[in-house]
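Student: Sequence and predicted structure, then a few things I'm wondering about:
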Amino acid sequence: MLEVSGIRIPLKALDGTDGRELAACRRALARKLGVREGDIASLERRRRSIDARKRGNVQLAFTLRAELAPGARPRTDKGVRAVEDRPFTFPAPVTRAGGRPVVVGAGCAGLFCALSLAHAGLEPLLVERGDDATRRAEVVSHHNETGELDVESNIQFGVGGAGTFSDGKLQTGTKSPAHRLILETFVAAGAQRQILWDAKPHIGSDVLPRVVTEIVRQIEEAGGEVRTRCRMSDVDVTGGRVRSVTLVTTGPDGTEREERVATDCVILACGHSARDVFELLRERGVTMERKTFAMGVRIEHLQADVDRALYGPAAGHPALGAAPYSLSCHLDSGRSAFSFCMCPGGYVVSAASEPGGVCTNGMSLSDRAGVNANSGLLANVFPEDLPGDDPLAGVELQRTCERAAFSAGGGAYVAPAQLVGDFLAGTPSSAGGRVLPTYPRGVAWGDVTPCLPPYVAETLRAAIPQLGRRLRGFDAEDAVLTGVEARSSSPVRVTRGDDGQSLSVRGLWPVGEGAGYAGGIMSAATDGILAAEKIVASL
């Protein structure tokens, strides 16, 4: 198998269809290797990215893998190498004595941990406080329409976790041999095949519900059990070791059933918004610490403006799609601001999970065809910014800002919003401009500054003009800021050792975003798989 990098295809050779793209790749590869197209027995795209460094000559760049017909003699060239795949796989079956593992939380960390444990024959019990993906989508839609909030099932809680309703972006800054297995699992569960080679892959919040539903089916088929509307209300850690968990299941009629499950293995994949779980851990003496997190707002622009700023005359070409961006800047104050979870052609969503608190996030559908682009615009909150020594002080800051946003919006989960020009001038907004806010509960024009810690608001105000010099139009006066975004990452880390277990409680395995060890779908799923590997190895 040959792997060939540096293959570039001009846009004039493409029309946005997969067949045209593959044909162009085959022609370019044949030229690169000095062989006939017919000598290419198989062709696979391994990476596809957009090179827009020269806006007048935007190209697609590929890394390809190919097998050649017997007798073909490719020329040796830069970027051509022989490769041999060593696929990463789920753990092989093992034997276990004692109770089955209990996985708490069915976000990506919990799903992939449970799937790995099920493949290992350990028959895990996966519990999720929210609904299955189908019912959850209905609950979220009901909240958007009526303002009624289900605190157990919402954009934060339910099968698939917070990532299900935040575009399903799969790019990651980490490297792991597990990444390919995760992508292949998503594809086998119904995701688009191009996520296997796109440099910035995404699934879309319209496709993810059925993908995670299929992964649940795979867990059950492999011997695991998945319970929804089932939350962990207590964990027994007598003698510094997990002994059992108490589970509360809510039936269709609203009645609750409590059950104690004996186990010496609890995988804590609760997500970054399970604040009651953090409080429970604190009560049980589980070691936790503050960690750096970020807060800010969502910023919306017209997607067409972003496309032109990044792609120039090529904007709108069907092979490019809606343009994404990633921005950051470091200020003289020592603080930084950055974009987060950028959603091309997307929507700002209501991500509340507590009564009386407004929290925003962003999402895109698979086609990314929305009129607006949106992104988190965030600044870091450091442990030293917080008062006292409570490890949950960051949680309380999040809650305070979300309640301030609820009040500023006037209630009913309406969000406060402000134009960028007014924000920079320190003037409340009274109406919008070209960019129409997409937040589903509606916005109240005013001032987002009182909803943020002063140092966050000051950092964003100083950063926006700098970011506007990096992306033309980012500082447009009629761009919309919607507050607040407070859940980009966990403000808490449930500390663990090199063996993956809690530093203070044996048999407690903190994983994923909620535990403070991941920052997105791919890193969370990877953390779940690696935790399962360590559990299997410990047997």
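Tutor: Ah, there it is.
Student: can we go C-alpha only for contacts and neighbour counts from here?
Tutor: Fine.
Student: Identify the residues contacting V456.
Tutor: Contact analysis of V456 by Cα atoms under 8 Å, 6 or more residues apart in numbering lists M295, G296, L378, A379, N380, V381.
Student: could you redo the last one with a cut-off of 6 Å?
Tutor: A379 (Cα atoms under 6 Å, 6 or more residues apart in numbering).
Student: sec struct for it, please.
Tutor: helix (DSSP: H, G, I helix; E, B strand; the rest coil).
Student: can you check the one 5 residues further on too?
Tutor: Secondary structure state of R461, per three-state DSSP, is helix.
Student: got it, and the one 4 residues further on?
Tutor: Classification of P465 by three-state DSSP places it in helix.
Student: Could you check how many residues crowd around E384?
Tutor: E384: 11 surrounding residues under other Cα atoms under 10 Å.
Student: now G173
Tutor: G173: 8 neighbours (other Cα under 10 Å).
Student: That one sits in which helix or strand?
Tutor: According to DSSP states H and E, G173 maps onto no helix or strand at all.
Student: mind checking how far it is from S523?
Tutor: 8 Å (Cα to Cα, to the nearest Å).
Student: And for S166?
Tutor: 15 Å.
Student: Just want to know which of those two has more residues nearby.
Tutor: S166 (28 against 25).
Student: Does that one touch M363 like I think?
Tutor: Yes. Between S166 and M363 a contact is recorded at 4.0 Å, counting by Cα atoms under 6 Å.
Student: residues contacting the residue lying closest to L377 once chain neighbours are set aside?
Tutor: Nearest residue to L377, sequence neighbours excluded (Cα to Cα, 6 or more residues apart in numbering): S339, at 4.8 Å. S339 is in contact with S326, L327, G376, L377, counting by Cα under 6 Å, 6+ apart.
Student: how does it look with 7 Å?
Tutor: Going by Cα atoms under 7 Å, 6 or more residues apart in numbering, S339 touches S326, L327, S328, S375, G376, L377, L378.
Student: give me phi/psi at it?
Tutor: phi -80, psi 150 (degrees, to the nearest 10).
Student: where does the stretch 401-539 of the chain dip in pLDDT?
Tutor: Of all residues in the stretch 401-539 of the chain, none has pLDDT under 70.
Student: Tell me where the longest strand sits in this structure.
Tutor: strand 40-51 (DSSP state E).
Student: In it, which of the residues would be classed as buried?
Tutor: Neighbour counts over strand 40-51 (16 or more other Cα atoms under 10 Å) mark I40, L43, R45, R46, R47, R48, S49, I50, D51 as buried.
Student: cool, stretch 460-470 as well?
Tutor: So stretch 460-470, judged by 16+ other Cα under 10 Å, has buried residues L460, R461, A462, A463, I464, P465, Q466, L467.
Student: nearest to G16, of those residues?
Tutor: Of all those, L467 has the smallest distance to G16: 30.6 Å, by Cα to Cα.
Student: what residues does stretch 380-395 touch?
Tutor: Residues contacting stretch 380-395 (Cα under 7 Å, 6+ apart): M288, E289, R290, K291, T292, F293, A294, M295, S336, P491, V492.
Student: Hmm, I typed the wrong one, I wanted stretch 162-170.
Tutor: 155-156, 200-205, 208-209, 343, 362-365, 521-522.
Student: which residues sit in contact with G79?
Tutor: Taking Cα under 7 Å, 6+ apart, one finds V4, S5, G6 in contact with G79.
Student: So P93 versus R100, what's the distance?
Tutor: Counting by Cα to Cα, the gap from P93 to R100 is 14 Å.
Student: neighbour count winner among these two?
Tutor: The residue with more neighbours, out of P93 and R100, is R100; 20 against 14, by other Cα under 10 Å.
Student: S407 versus N372, what's the distance?
Tutor: Distance from N372 to S407, by Cα to Cα: 26 Å.
Student: Compare the two (neighbour count), which wins?
Tutor: Ranked by neighbour count (other Cα under 10 Å), N372 and S407 place N372 first, with 25 against 19.
Student: Look up which residues are beta-bridged to that one.
Tutor: L302 (DSSP bridges).
Student: got a list of what it touches?
Tutor: Per Cα under 7 Å, 6+ apart, neighbours of N372: E300, H301, L302, Q303, G345, G346.
Student: thinking again about what came up before, sort out for me which of the contacts of stretch 162-170 are in helices.
Tutor: In this view, those that belong to helices under DSSP state H are L208, P209, I521, M522.
Student: got the contact list for the first one?
Tutor: Same thing as L208. T164, G168.
Student: hmm, try it at 8 Å
Tutor: G160, T164, G168, A191.
Student: likewise the last one?
Tutor: With contact taken as Cα under 8 Å, 6+ apart, M522 is in contact with C108, L170, Q171, T172, H179, I182.
Student: tell me the SS of the closest residue to D305 other than its chain neighbours?
Tutor: Excluding the flanking residues, the one nearest D305 by Cα to Cα, 6+ apart is G473, at 7.2 Å. Per three-state DSSP, the secondary structure class of G473 is coil.
Student: now the one 10 residues further on
Tutor: The assignment at G483 comes out as strand when based on three-state DSSP.
Student: My read is that it contacts L419, right?
Tutor: No. The criterion here is Cα atoms under 8 Å, and G483 misses it with L419 at 11.6 Å.
Student: Now do A189: how many residues are near it, please.
Tutor: Neighbours around A189, by other Cα under 10 Å: 19.
Student: Correct me if wrong: it contacts I219.
Tutor: No. Here A189 lies out of contact with I219, judged by Cα under 8 Å, at a distance of 11.7 Å.
Student: Would you mark the buried spots in the least confident helix or strand in the chain by mean pLDDT?
Tutor: Counting by mean pLDDT, DSSP states H and E, the chain has its least confident helix or strand at strand 80-82, which shows a mean of 93. Under the neighbour-count criterion of 16+ other Cα under 10 Å, strand 80-82 has V80 buried.
Student: quick revisit: take the contacts of M522 and write them to TSV, including neighbour count.
Tutor: Shown next, in TSV, are the contacts of M522 (neighbours: other Cα atoms under 10 Å):
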residue	neighbour count
C108	31
L170	20
Q171	17
T172	16
H179	20
I182	22
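Student: which among the residues you listed gets closest to V266?
Tutor: Using Cα to Cα as the measure, the one of the contacts of M522 that approaches V266 most closely is C108, at 16.3 Å.
Student: got the contact list for the nearest residue to that closest one once chain neighbours are set aside?
Tutor: Distances taken as Cα to Cα, 6+ apart place A525 nearest to C108, at 4.9 Å, with adjacent residues excluded. A525 makes contact with C108, A109, G110, L111, F112, C113, I182, G512, according to Cα under 8 Å, 6+ apart.
Student: Please determine how far T228 is located from D447.
Tutor: 39 Å.
Student: After the least confident helix or strand of the chain, which helix or strand is next? Please name it.
Tutor: strand 102-104.
Student: quick one: average confidence on that next one?
Tutor: Mean pLDDT, computed over strand 102-104, is 98.
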